[in-house]
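K.L.:
only geometry, no sequence info:
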């Protein structure tokens, strides 16, 4: 059994998925749009929202992340209610991902040594998602 992070976006889900695929060298990228849904799905599908992502899937370091745009009947609320923790046992890989993400993100804690690890950092990416980076020996 696994717990999988499910990230929601406000119409820019595809952009976020492509960004994370690039940053993390992700694999098994797949999306289903509202327009792909059968008519009996109960969703109000029209020309304005048919390209919204109903469900997206991406694997990052052998971990699945799921994605969705906020659906028309829902409100997206940004906040600090989710942080993703990335723990890698290759310090060079951890540094590479941190540096790629910092280009458009906001570093809150620089990647550096702490009492629990040789490298920890924290940043908010360009989509408002908080990422904790941990080196795991």
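P.N.:
Looks like it arrived, so ask away. On a predicted model such as this, the values are computed, not experimentally measured, just so you know.

K.L.:
just so I have it, where are all the helices in the chain?
P.N.:
For the chain, helices defined by DSSP state H occupy the ranges 13-24, 91-102.

K.L.:
just these: most buried one?
P.N.:
Ranked by mean neighbour count under mean count of other Cβ atoms under 10 Å, the helices of the chain are led by helix 13-24, which reaches a mean of 18. Yep, even glycine has a C-beta here, placed from its N, CA and C like the rest.

K.L.:
on that earlier part again, do you know which of the helices of the chain lies nearest residue 132?
P.N.:
Closest of those to residue 132 is helix 91-102, at 10.7 Å (criterion: Cβ to Cβ).

K.L.:
The closest one to helix 13-24, inter-axis angle?
P.N.:
With axes from the mean of the first three to the mean of the last three Cα atoms, to 10 degrees applied, the angle from helix 91-102 to helix 13-24 works out at 150 degrees.

K.L.:
what pLDDT, on average, does helix 91-102 get?
P.N.:
Helix 91-102 carries an average pLDDT of 96.

K.L.:
repeat for stretch 24-32
P.N.:
95.

K.L.:
Then stretch 45-57?
P.N.:
Mean per-residue pLDDT for stretch 45-57: 87.

K.L.:
hmm, who's touching that stretch?
P.N.:
When contacts are defined by Cβ atoms under 8 Å, 6 or more residues apart in numbering, stretch 45-57 is touched by residues 9, 11, 13-14, 17, 28-37, 39, 43, 64-69, 71-72.

K.L.:
Let's see that with 10 Å instead.
P.N.:
Stretch 45-57 has contacts (Cβ atoms under 10 Å, 6 or more residues apart in numbering) with 4, 6-17, 20, 26, 28-39, 41, 43, 64-72.

K.L.:
Could you find the closest non-adjacent residue to residue 111?
P.N.:
Using Cβ to Cβ, 6 or more residues apart in numbering and skipping residues adjacent in sequence, the residue nearest residue 111 is residue 121, 3.4 Å away.
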